[in-house]
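Participant: Pasting the sequence and the predicted model now:
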Amino acid sequence: MKQIFKISTVFLMIALAFASCNNGKSSKSNSALSSNVAEKVYVAPGEYDEFYAFISGGYSGNLTVYGLPSGRMFKEIPVFSQFPTNGYGYSEETIPMLNTSHGFIPWGDAHHPDISQTNGELDGRFIFMNENNTPRIAKIDLTTFETTEIIEVPNSAGNHSSSFVTENTEYVVAGTRFSVPIPQRDMPINEYKGNFQGALSFIAVEPEHGGMEIKFQVLMPGFNYDLSHPGRGKSHGWFFFTTYNTEEANSLLEVNASQNDKDFIAAVNWKKIEDYVNNGGGTMMPAEYAHNVYDETTHKATSTIIKEVRVINPSEVPGAVYFLPTPKSPHGCDVDPTGEYIVGNGKLSANLTVHSFTKMLAAIEGKKFDGEAYGIPILKFEDVLAGSVEQPGLGPLHTEFDDKGNAYTTFFISSEVVKWKLGTWEVIDRKPTYYSVGHLTIPGGNSRKPQGKYMFAMNKITKDRYLPTGPEMEHSAQLYDITGDKMELLLDFPTHGEPHYAAAMRADIIKERSKKIYSLAENKHEYAAKSDADTKVVRQGNDVHIYMTTIRSHFAPDNIEGIKIGDKVYFHVTNLEQDFDVPHGFAVLGQNNSELLIMPGQTKTSVWEPTKVGVWPFYCTDFCSALHQEMQGYVRVSAKDSNVPLKWSLGDDF
Amino acid sequence: MKAKKTIVLSVLIVLSFYQCKDNKDLQTKDASVTTVSTKSNEKQGQAFIKNDEGKPTVLSIAIGSKDHTTLVAAVQAAELENVLVNAGPLMVFAPTNEAFAALPDGTVESLLKPENKAKLALILKHHVTPGNYSKDFLKKFKQLGQASNENVSIEVKDDDVYVGGAKIIASIQAGNGIVHVVDKVILPEN
């Protein structure tokens, strides 16, 4: 009895101690006052965030724009998916953006946004982003925050080790996760081994306008090319790709692709291949892929199908490709700001493997090979290893860098970010994430000049982090202060879709260049009406073109008659406004696509095929002005055989 | 063995308390330095956004005109800048300096005094219509409802349009409406 009493007392004391401690602790993490955490993320009304973060929407197909440190979402930019909010992929002008060699595809799986670079530093001109499912690379212009170009990647499948840019944006690179028959053909799946190939595509970026063109594809053995990063500084001119499934399995990969103790990081000397190509090297092979370009002055996209692509077999260019053995199905492939270290995160390995670029060059020089795979020399693991971080966590995925020689790696299984020192490989700090983190981002953290200050981790699983919203929860992200030795958790914020990866940079450069309006004078849309006087309705057979304008607060014309069942009615709406942030919207009853949201100076077109006789209203969907509710009109739709004349007007009876 | 356990537990308890104390210290220390920055509301708002790309607003047109310095001074005194850059649409009848000068002596000086701010604002709002109509289109109207909540008459003589007795002598399209320059100050009835 006494014994029980004693034990209970002890427990009670401990319980009390922890309870009171918990109070202290919870006031530390929950109350802003105690640690100033809230102030670190507080951006006062009317003030701006210090950083932009561009977060991939994953299976939403889009890109979202956030501010850091507040975690506020500013915009969703449609990229690979139709977006009824503004008519992207529904308006006649933007439908071509989603064209592919497989036809119109309304959806995409966006993955890795990467900001263009000059001299290895983020220049804030463009963001490139890959579509994983139907391989494509998009370019978003950061003056308008609009998708202005999409190129399909032939011979690729599961466009995952993409879309990372070289240090002067010479190339945006797209590697295939799934190997496939090249060219595609009807063949038994179980003849994969030795027959399938993996294409690594180097898409040249025109320096002035950013136009994309596939310069060449390197046709590699049939492994899975998982992630990649360019060399930088001393290793500029090389590109590194992690591989898994070097077993070349075609079924039950969770077992069959985990048999080899080591897979490879493929090191590709793209400068060498570029020289070869510039001297006529490589082979043009038949292909079929779409190249879609949006023109800012015609406000219209065009889609061109290209019929051939230049391919290179690595054996044609000796010394261009090597394999660096890397343990256990490496996922992330990250290069430090100096370009010396290449980090391969073996998903199934307990240690992090770091290769040395200098040692790699020495091993190549000394021809110290450990055999070859499909003619590609394999270097010896020990010869290229710079060091390894021992037992840092479970399930390493991705690494980014700060400006002080530290690396930050995410661990999916142990749900944490681990900070470690380059060169000494010692673990400095670890912080939990909530939960099961995928990528992490440090502004400039995959460039020569990391901008530091913050790191955010993007998680796959949310569970109890926010008020519940049924079985489906938006994914959570956590923002950490990384200015000190230890990371400090500042903020949880929800992200949209699946935040696969993100690019972030200081706001100043982008902020200054952001466009406010499109110039009406420079509008070269073929159906633009630049004043109320230019408005008209033109019938061409069953096609009826309405040249329409909007200005606060009317449509011109706003009464239209003479439309018949069976007609295809094109509403070409030009927004005459030249004032910042005054879009007008357009919708007509029974429209089968989406509304239009037309920016100042822009022309957009919606097609309407009326199915019912009657008088149908249209109106402005964007609350534009004090007389927004008055901004409306009517279209009279008559029977197919009617003889109601074509007529249009504005304010005739006033 | 039992003794060992007790020691471990005691250490744990002490440590836990220590930790608590530590947090408390931190709390008081930081609480004293907490400040929340607030910005003054003056000179904030849409009127103060730098924008040289778009079409000028009715406000920037007035500011840019050497014939409207009195009007601009009045708008500033009445703190109506942000209203005049609003999405509108706004049709502003802008009396020239000469028109203001034609008012009885001392009228303008009196209106600009802080105690007459409301009166001044009402007079200025009497020069604003929610709408955007060209001079020609205005000929279709008999009267307009002004932001002062009173109506003004429209009269057409030959090709000239008079609004509340003031003649439109020029018109300039603005980003958020239109400015009609008039030769008289339009005074509300009340």
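Facilitator: Arrived safely.
Participant: Once you drop chain neighbours, what's closest to the residue nearest the centre of chain B?
Facilitator: Central residue of chain B (Cα atoms, centre = their mean): residue B:82, 1.5 Å from the mean position. Nearest in space to residue B:82, with sequence neighbours left out and distances taken as Cβ to Cβ, 6 or more residues apart in numbering or on different chains, is residue B:45 at 4.1 Å. (C-beta placed from N, C-alpha, C; glycine too.)
Participant: Equivalent analysis for residue B:150, please.
Facilitator: Among residues not flanking residue B:150 along the chain, residue B:188 sits closest, at 5.1 Å (Cβ to Cβ, 6+ apart).
Participant: Then residue A:313?
Facilitator: Counting by Cβ to Cβ, 6+ apart, residue A:313 lies nearest to residue A:219, which is 5.7 Å off, once chain neighbours are set aside.
Participant: Specify the local secondary structure of that neighbour.
Facilitator: strand (DSSP: H, G, I helix; E, B strand; the rest coil).
Participant: same question, residue A:125
Facilitator: Once three-state DSSP is applied, residue A:125 turns out strand.
Participant: is it true that it touches residue A:208?
Facilitator: No - Residue A:125 is beyond contact range of residue A:208, at 10.1 Å (criterion: Cβ atoms under 8 Å).
Participant: Among the two, which residue is more densely surrounded?
Facilitator: Taking other Cβ atoms under 10 Å in any protein chain shown, residue A:125 and residue A:208 do not tie; residue A:125 has more neighbours (20 against 5).
Participant: Could I get the contacting residues of that one?
Facilitator: A:116, A:141, A:142, A:169, A:210 (Cβ atoms under 8 Å, 6 or more residues apart in numbering or on different chains).
Participant: Could you take the residues you listed and lay them out as a markdown table, with extra columns for secondary structure, distance to residue A:155 and pLDDT?
Facilitator: A markdown table is the format used below for the contacts of residue A:125 (DSSP: H, G, I helix; E, B strand; the rest coil; distance: Cβ to Cβ, whole Å; pLDDT from 0 to 100):
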| residue | secondary structure | distance to residue A:155 | pLDDT |
| --- | --- | --- | --- |
| A:116 | strand | 25 | 98 |
| A:141 | strand | 27 | 98 |
| A:142 | coil | 30 | 98 |
| A:169 | coil | 23 | 98 |
| A:210 | coil | 23 | 96 |
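Participant: Show the buried residues in these.
Facilitator: Buried residues within those, counting neighbours by 16 or more other Cβ atoms under 10 Å in any protein chain shown: A:116, A:141, A:142, A:169, A:210.
Participant: Can you pull out the low-pLDDT segments for the chain?
Facilitator: Using chain A. Along chain A, the model assigns pLDDT under 70 to residues A:1-35.
Participant: that answer is for a different chain, and I need it for chain B
Facilitator: Residues of chain B that meet the cut-off, pLDDT under 70, sit at B:1-43, B:190.
Participant: residue boundaries of the helices in it?
Facilitator: Using DSSP state H, the helices assigned to chain B run over residues B:2-33, B:58-63, B:69-77, B:97-101, B:107-111, B:117-125, B:135-138.
Participant: The residue nearest to the centre of chain B and residue B:57 touch, don't they?
Facilitator: No - counting by Cβ under 8 Å, residue B:82 stays clear of residue B:57, with 10.6 Å between them.
Participant: In this structure residue A:549 contacts residue A:558, no?
Facilitator: No - if you go by Cβ under 8 Å, residue A:549 and residue A:558 don't touch, sitting 10.3 Å apart.
Participant: okay, the two: which has more neighbours?
Facilitator: Shown here are residue A:549 and residue A:558; by other Cβ under 10 Å, residue A:549 has more neighbours (25 against 22).
Participant: Show me which parts of whichever helix or strand the more buried one is part of are buried, residue by residue.
Facilitator: Residue A:549 is part of strand A:543-551, with elements assigned from DSSP states H and E. Neighbour counts using 16+ other Cβ under 10 Å place A:544, A:545, A:546, A:547, A:548, A:549, A:550, A:551 of strand A:543-551 among the buried residues.
Participant: Likewise for stretch A:149-157?
Facilitator: A:149, A:150, A:151, A:152, A:153, A:154, A:155, A:156, A:157.
Participant: Among those residues, pick out the one closest to chain B, please.
Facilitator: residue A:149 (23.5 Å; Cβ to the nearest Cβ).
Participant: Tell me if the closest one really is in a strand.
Facilitator: Yes - according to three-state DSSP, residue A:149 belongs to a strand.
Participant: That one bridge partners, please.
Facilitator: Here residue A:149 sits in beta bridges with residue A:139, residue A:293, going by DSSP bridges.
Participant: Spit out the contact partners of it.
Facilitator: With contact set as Cβ under 8 Å, 6+ apart, residue A:149 has these partners: A:138, A:139, A:210, A:211, A:212, A:291, A:292, A:293, A:294.
Participant: Then residue A:212?
Facilitator: A:137, A:139, A:149, A:151, A:172, A:203, A:204, A:205, A:206, A:291.
Participant: cutoff 6 Å now
Facilitator: A:149, A:151, A:203, A:205 (Cβ atoms under 6 Å, 6 or more residues apart in numbering or on different chains).
Participant: Give me the neighbour count for residue 112.
Facilitator: Because you didn't say which chain, this covers chain A. Residues near residue A:112, counting by other Cβ under 10 Å: 24.
Participant: oops, I was thinking of chain B
Facilitator: 16.
Participant: The contacts of residue A:212 into CSV, with extra columns for distance to residue A:176?
Facilitator: Converted to CSV, those look like this (distance: Cβ to Cβ, whole Å):
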residue, distance to residue A:176
A:149, 21
A:151, 15
A:203, 13
A:205, 20
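Participant: Just the closest of these to residue A:539, please.
Facilitator: residue A:149 (34.9 Å; Cβ to Cβ).
Participant: Find the nearest non-adjacent residue to residue A:239, please.
Facilitator: Leaving aside its sequence neighbours, residue A:239 is closest to residue A:268 (4.7 Å, by Cβ to Cβ, 6+ apart).
Participant: doesn't that neighbour fall inside a strand?
Facilitator: Yes - the assignment for residue A:268 is a strand, going by three-state DSSP.
Participant: so residue A:640 touches residue A:565, yeah?
Facilitator: Yes - in this structure, residue A:640 is within contact of residue A:565 by Cβ atoms under 6 Å, at 4.6 Å.
Participant: quick one: which of the two has more around it?
Facilitator: A direct count of neighbours by other Cβ under 10 Å for residue A:640 and residue A:565 places residue A:565 higher, at 15 against 10.
Participant: list the contacts for residue A:442?
Facilitator: The contact partners of residue A:442, by Cβ under 6 Å, 6+ apart, come to A:400, A:402, A:450, A:455.
Participant: could you dump those to TSV with secondary structure?
Facilitator: Formatted as TSV, those follow (three-state DSSP):
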residue	secondary structure
A:400	strand
A:402	coil
A:450	coil
A:455	strand
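Participant: ok, which pair from those residues is furthest apart?
Facilitator: Longest distance between any two of these is 9.9 Å, between A:450 and A:455; criterion Cβ to Cβ.
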